[in-house]
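**Q** Prediction below, plus the sequence it came from.
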Amino acid sequence: MRVAAILNVNKKNIFYAYLGLLIWLPIPLGSKHPWAVSLAEIWCFILACFALLHAFQCSAGLPKAFKTARPAWLLLLLNIVWILFQLVPLPVSFLAIVSPHAAALYQSIDANIALAPISVDVYATWLDAIEATYLFVFFCLALYLIDSKEKIRILVYVILISALVQALYGAFMILSGVEYAFFVSKAEIHSHIGSATGTFTNRDHLAGYLEMSLALGIGYMLSLMRDGGSSGGLKRWLRKWSGLLLSSKARLRLILILLCLGLVLTHSRGGNIGFFSSLTIAGILFMIFARKKPRATVIFLSSVIVLDILLIGSWVGVSKVMTRLENTSIQTEQRDDAYAATLPMIQDYWLTGTGAGTYFEAFPAYKTPQLSGYWNHTHNDYLEILSEQGVIGFSLLASVVLFALFTAFQTLRRRRSSFMLAMSFSSLMGIIAILIHSAVDFNLQILTNSSLLMVLLALPMICRRLNER
């Protein structure tokens with residue numbers, strides 16, 4: 001009897017366990033602390049072992065999505081190899097060529113040192129290599145497990161319900177005045193009192209999670225849009241709208257409204273700008289290039305902007321977001337000083353970086369007197385990845401994102417299925433939203449949000465070939 005049969009490996013059960021991981025990730029403070037990261041990694045690697053057993057058990061082969069996504073997973077694999085290379089002790093003479101500042105740093109500690117790695121903190125880079133492996137496996141599991149339209153629907157609803165819980169919990173904390181994250185008082189951890197954070201510690205991280213979840217929900221809503229005739233008189237019109245109010249569309253629309261509410265209540269500038277900008281950009285691209293677009297999609301996308309921003313937003317705090325934007329200046333925003341201080345570090349380590357996960361270790365040497373407190377992240381994912389992994393690592397990761405966007409764009413142009421078109425819209429919008437937000441925050445350093453991004457990156461590659469005739 002085969003090992004897989006003995007263990008009763010079932011692909012559907014693995015898929016549900018994968019969904020369970022997606023539900024769990026945001027709960028323990030966004031899975032930002034080491035114990036939560038380790039738990040998620042163990043969970044993911046166990047699922048990968050069962051998926052491998054299932055793959056050996058069945059003779060159907062890998063889903064077509066793996067072939068479509070080959071450039072993406074190869075690039076992610078190369079990025080892991082690059083991070084591991086940063087740990088390899090190199091001859092100091094060679095290190096002085098590829099990373100002269102790293103060589104000088106090690107020689108200042110021991111003038112006679114013969115071998116030294118690129119990374120300035122080997123332990124931190126090793127932890128980041130494990131996390132990069134987790135994200136690679138998480139991405140591959142999405143490609144392997146999500147192999148039908150029904151599974152995509154379940155995935156979308158699971159993420160939407162998880163995001164809804166976060167939004168409602170964040171709103172309840174504000175309204176009740178008793179503000180807690182995950183069994184921790186927000187006052188104790190100095191975490192954005194008066195703004196919705198859900199079980200995250202940072203309102204911007206909740207905003208990043210909500211904007212990607214909203215992209216999935218809006219895309220799914222687009223797949224339900226159908227043009228209906230205007231004839232038939234009052235009786236038919238009343239029947240149509242009463243049916244609509246009791247349908248799954250109405251429930252989904254309510255969820256989207258509540259998620260928009262939660263996003264506005266975070267008062268996150270980057271999150272709100274990222275969401276509304278990505279909705280506009282992706283909506284325009286969808287209208288221009290999608291092969292099949294009912295007139296109802298135009299009405300729906302317009303209603304998201306008008307109803308959710310102008311009406312609901314005005315009740316719950318858009319004015320606060322605008323006030324934060326108006327009060328932001330170079331003099332009052334320390335992030336600008338952090339960006340300026342990070343640029344010399346990037347210039348010194350431009351090719352190889354300081355080592356993945358070492359920003360907190362290398363930045364103090366470049367910190368200016370204008371910056372107060374402890375900076376473990378630069379509040380700009382692009383600058384942080386460039387400083388840690390150099391041009392080499394940054395180029396590998398950027399290529400993955402560009403390939404996903406290109407695949408989503410291809411799907412919009414070539415597929416006729418309204419469902420596949422809508423899910424490609426979701427991916428396009430969600431990726432654009434987090435790319436915009438990442439310019440002013442470090443969402444990609446939070447495991448929950450980087451994991452959800454892996455799903456969005458995999459989605460267009462799944463939709464590109466799924467049920468293709």
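**A** Structure received.

**Q** how many other residues sit next to residue 109?
**A** Counted with other C-beta atoms under 10 Å, the neighbours of residue 109 add up to 8. Where C-beta positions appear, they are placed from N, C-alpha and C, glycine not excepted.

**Q** Now do it against residue 436, distance only.
**A** Look at residue 109 and residue 436: by C-beta to C-beta, to the nearest Å, they are 41 Å apart.

**Q** in the stretch 51-200 of the chain, which spans are helices?
**A** 64-68, 70-85, 92-98, 100-109, 122-145, 149-176 (DSSP state H, counting those that start in this stretch).

**Q** now the stretch 201-350 of the chain
**A** 203-223, 233-245, 248-265, 269-289, 295-305, 313-316, 318-326, 334-348.

**Q** Against residue 147, how distant is the closest residue to residue 58 other than its chain neighbours?
**A** Closest residue in space to residue 58, ignoring its immediate chain neighbours: residue 11 at 7.9 Å, by C-beta to C-beta, 6 or more residues apart in numbering. Computed as C-beta to C-beta, the residue 11 to residue 147 distance reads 8 Å.

**Q** Same question for residue 277.
**A** 33 Å.

**Q** okay, the two: which has more neighbours?
**A** Looking at residue 277 and residue 147 with other C-beta under 10 Å, you find the greater number of neighbours at residue 147, namely 19 against 16.

**Q** Local confidence estimate at the more buried one?
**A** You'll see residue 147 listed with a pLDDT of 90.

**Q** which residues touch residue 364?
**A** Counting by C-beta atoms under 8 Å, 6 or more residues apart in numbering, residue 364 touches no other residue.

**Q** Provide the secondary structure category for it.
**A** helix (DSSP: H, G, I helix; E, B strand; the rest coil).

**Q** mind checking pLDDT for it?
**A** 90.

**Q** Ok, residue 232 next?
**A** The model's pLDDT for residue 232 equals 52.

**Q** Would you check that my belief about residue 45 contacting residue 137 is correct?
**A** Yes: at 6.5 Å, residue 45 counts as touching residue 137 under the criterion of C-beta atoms under 8 Å.

**Q** Between these two, which is the more surrounded one?
**A** Neighbours were counted for residue 45 and for residue 137 using other C-beta under 10 Å; residue 137 has more, 19 against 14.

**Q** how close does the more buried one sit to residue 115?
**A** Counting by C-beta to C-beta - residue 137 and residue 115 are separated by 31 Å.

**Q** ditto for residue 224
**A** 60 Å.

**Q** which one of those two has more residues nearby?
**A** When residue 224 and residue 115 are compared for neighbours, residue 224 comes out ahead with 17 against 12, by other C-beta under 10 Å.

**Q** so what's the residue nearest to that one when sequence neighbours are not counted scoring on pLDDT?
**A** Once flanking residues are discounted, residue 224 sits nearest to residue 249: 5.4 Å by C-beta to C-beta, 6+ apart. For residue 249, the pLDDT comes out at 79.

**Q** Near residue 112, how many residues? Count them for me, please.
**A** 6.

**Q** which helix in this structure runs the most residues?
**A** Assignment by DSSP state H gives helix 381-414 as the longest helix of the chain.

**Q** Who are the packing partners of it?
**A** helix 70-85, helix 269-289, helix 334-348, helix 359-362, helix 418-437, helix 447-465 (3 or more C-beta pairs under 8 Å, 6 or more residues apart in numbering; DSSP states H and E).

**Q** what comes up buried for the first one?
**A** Taking 16 or more other C-beta atoms under 10 Å as the basis for neighbour counts, the residues of helix 70-85 that come out buried are 71, 72, 73, 75, 76, 78, 79, 80, 82, 83, 85.

**Q** Could you tell me the angle between it and helix 122-145?
**A** Here helix 70-85 runs at an angle of 160 degrees relative to helix 122-145 (axes from the mean of the first three to the mean of the last three C-alpha atoms, to 10 degrees).

**Q** What of the last one?
**A** Between the axis of helix 447-465 and that of helix 122-145 there is an angle of 30 degrees, by the same axes, to 10 degrees.

**Q** avg pLDDT for helix 447-465?
**A** Rounded mean pLDDT across helix 447-465 is 95.

**Q** how close does the residue nearest to residue 224 get to residue 417?
**A** 19 Å.

**Q** These two - which one has more neighbours?
**A** residue 417 (19 against 16).

**Q** residue contacts, the residue nearest to residue 58?
**A** 51, 54, 58, 145.

**Q** from those residues, which would you call buried?
**A** Here the buried ones among the contacts of residue 11, as counted with 16+ other C-beta under 10 Å, turn out to be 51, 54, 145.

**Q** Pull the contacting residues for the last one.
**A** For residue 145, the contacting residues are 11, 14, 15, 18, 51, 151, by C-beta under 8 Å, 6+ apart.

**Q** surely residue 370 meets residue 334?
**A** Yes: shown here, residue 370 and residue 334 form a contact pair, counting by C-beta under 8 Å, at 7.3 Å.

**Q** more neighbours, those two?
**A** residue 334 (15 against 12).

**Q** how about JSON lines for the helices and strands packed on helix 381-414, with distance to residue 262 added?
**A** Shown next, in JSON lines, are the helices and strands packed on helix 381-414 (distance: least, C-beta to C-beta, whole Å):
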{"stretch": "helix 70-85", "distance to residue 262": "31"}
{"stretch": "helix 269-289", "distance to residue 262": "10"}
{"stretch": "helix 334-348", "distance to residue 262": "24"}
{"stretch": "helix 359-362", "distance to residue 262": "30"}
{"stretch": "helix 418-437", "distance to residue 262": "15"}
{"stretch": "helix 447-465", "distance to residue 262": "15"}
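
**Q** Quick check: residue 175 vs residue 169, distance?
**A** 11 Å.

**Q** The two: which has the busier surroundings?
**A** More neighbours surround residue 169 than the other of residue 175 and residue 169, with 19 against 9 (other C-beta under 10 Å).

**Q** Just the pLDDT for the more buried one.
**A** pLDDT, read off for residue 169, is 91.

**Q** again with residue 414
**A** 83.

**Q** tally of neighbours for residue 20?
**A** With other C-beta under 10 Å as criterion, residue 20 counts 13.

**Q** Neighbours of residue 194, how many?
**A** For residue 194, the count of nearby residues is 14 (other C-beta under 10 Å).

**Q** got it, and residue 174?
**A** Neighbour count for residue 174, taken as other C-beta under 10 Å: 18.

**Q** Give the closest residue to it in space, chain neighbours not counted.
**A** Residue 174's closest residue in space is residue 196 (C-beta to C-beta, 6+ apart), at 5.9 Å.
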